[in-house]
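Please work out how this folds:
(one chain, ligands or ions: 1)
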Amino acid sequence: TAKAPLLQVENLNAWYAESQALHGMNFEVPEGELVTLIGRNGAGKSTTLRSIMGIVRKRKGSIRFRGAELIGRQTYEIARQGIAYCPEERAIFASLSVRENLGLPPVLSAGGSSDEELLEQFPNLRARQNSMGTMLSGGEQQMLAIARILRTGSRFLLLDEPSEGLAPVVVKEIGQQILRLKQRGYTILLVEQNLKFAQMVADRHVVVEHGQVVDVLAADQLQANMARVKTYLGV
Ligand code: ATP
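Modelled structure (predicted):
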């Protein structure tokens with residue numbers, strides 16, 4: 001029998017006040033895989049990550065992580081179960097140095113990377129370790145945002161649009177870093193609008209439209225379905 005997926009989202013509905021943003025989302029993330037949520041602006045990708053983390057509070061349906069229900073839990077409890085979240089705006093503290101930013105997240109479980117290991121894995125950050133957050137390029141900020149959450153020891157990472165606003169060569173570097181994380185056994189759920197980037201890193205794509213899942217494609221099925229996917233993305 002197949003192993004239960006690490007994350008199971010079933011009939012997930014979510015609201016901002018009275019406005020419903022997710023309308024019955026269904027998808028799974030198998031352990032060790034990198035799954036993307038792709039779709040156009042406003043489709044509900046970021047809201048899905050925020051609902052998993054309990055940042056969007058008003059949600060119904062089921063989100064199971066390692067079999068445990070997350071709906072009803074607080075964000076800090078969800079983080080303690082082993083889920084780390086990197087928001088779209090990256091949330092780098094401008095008045096703190098790279099090293100200080102790296103040291104911020106709490107170590108929540110064994111197996112988190114030490115500062116030294118993080119600087120080893122992200123050599124760009126080593127060169128900048130005493131620079132203030134404001135002095136970093138967009139790519140360096142994104143590396144720092146990803147590196148920082150590895151400190152927690154969480155093995156499941158939610159990454160919101162790591163490629164956003166970055167030059168193609170930097171996007172490629174970030175993609176290589178993310179692939180390395182996958183090789184090291186992290187499970188990753190990644191929101192993307194950049195199809196090329198999504199293709200570079202993913203095992204599976206979940207296509208989102210109007211707060212629902214309209215398609216799930218294995219990486220090797222994407223090319224054959226590109227025309228349809230592009231209409232969903234509006235490109
Ligand atoms: P984007 O890449 O633009 O963030 P997305 O697919 O991630 O796109 P969401 O940000 O999840 O989309 O937005 C889903 C819906 O929820 C949209 O209709 C959006 O306008 C709405 N929405 C998002 N954030 C809020 C908020 N803080 N308050 C009210 N409505 C929101």
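
Identify, by residue count, the longest helix of this structure.
helix 168-183 (DSSP state H).

who's the most centrally placed residue in the chain bridged to?
By CA atoms, centre = their mean, the chain has its centre lying nearest to Leu159, at 1.9 Å. Leu159 forms beta bridges with Cys86, Leu190, as assigned by DSSP bridges.

what's the burial count for Glu33?
For Glu33, the neighbour count with other CB atoms under 10 Å is 17. Placement of C-beta: from N, CA and C, glycine included.

Tell me the predicted confidence for Thr1.
pLDDT recorded at Thr1 is 55.

any idea how far Ala227 is from Val213?
From Val213 across to Ala227, the span is 19 Å (CB to CB, to the nearest Å).

which regions of this protein lie under the pLDDT threshold?
Within the chain, the segments meeting pLDDT under 70 span 1-2.

what are the ranges of the helices in it?
Applying DSSP H to the chain gives helices spanning 45-52, 75-80, 98-102, 115-121, 123-127, 138-150, 168-183, 195-201, 219-222, 226-233.

CA atoms only for the last one - export them in CSV, please.
Just to be clear, that refers to helix 226-233. Extracted in CSV, the C-alpha atoms of helix 226-233 (Å, rounded to 0.1, in the frame of the first residue of the first chain):
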residue,chain,number,x,y,z
MET,A,226,1.3,23.5,-21.9
ALA,A,227,-1.4,25.2,-24.0
ARG,A,228,-4.1,24.6,-21.4
VAL,A,229,-1.8,25.5,-18.5
LYS,A,230,-0.9,28.8,-20.2
THR,A,231,-4.6,29.7,-20.5
TYR,A,232,-5.0,29.1,-16.8
LEU,A,233,-2.0,31.3,-16.1
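
For this protein, what lies in contact range of the ligand?
Within the chain, the residues that sit near the ligand (CB under 6 Å from any ligand atom) are 16, 19, 21, 39, 41-47.

Could you rerun that using 8 Å?
Proximity of the chain to the ligand (CB under 8 Å from any ligand atom) is limited to residues 16-17, 19, 21-22, 37, 39-48, 50, 88, 160-161, 191, 193, 208, 211.

Mind checking which of those are in strands?
16, 19, 21-22, 37, 160, 191, 208 (DSSP state E).

Switch the residues you listed over to TSV; also include neighbour count.
Formatted as TSV, those follow (neighbours: other CB atoms under 10 Å):
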residue	neighbour count
Tyr16	12
Ser19	8
Ala21	21
Leu22	26
Leu37	26
Asp160	22
Val191	25
Val208	25
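
got those as TSV, with distance to Lys172 columns?
Formatted as TSV, these follow (distance: CB to CB, whole Å):
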residue	distance to Lys172
Tyr16	35
Ser19	37
Ala21	32
Leu22	32
Leu37	21
Asp160	19
Val191	18
Val208	25
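
still on that earlier bit, which one of the helices of the chain is the most hemmed in?
Ranked by mean neighbour count, the helices of the chain are led by helix 45-52 with a mean of 24 (mean count of other CB atoms under 10 Å).
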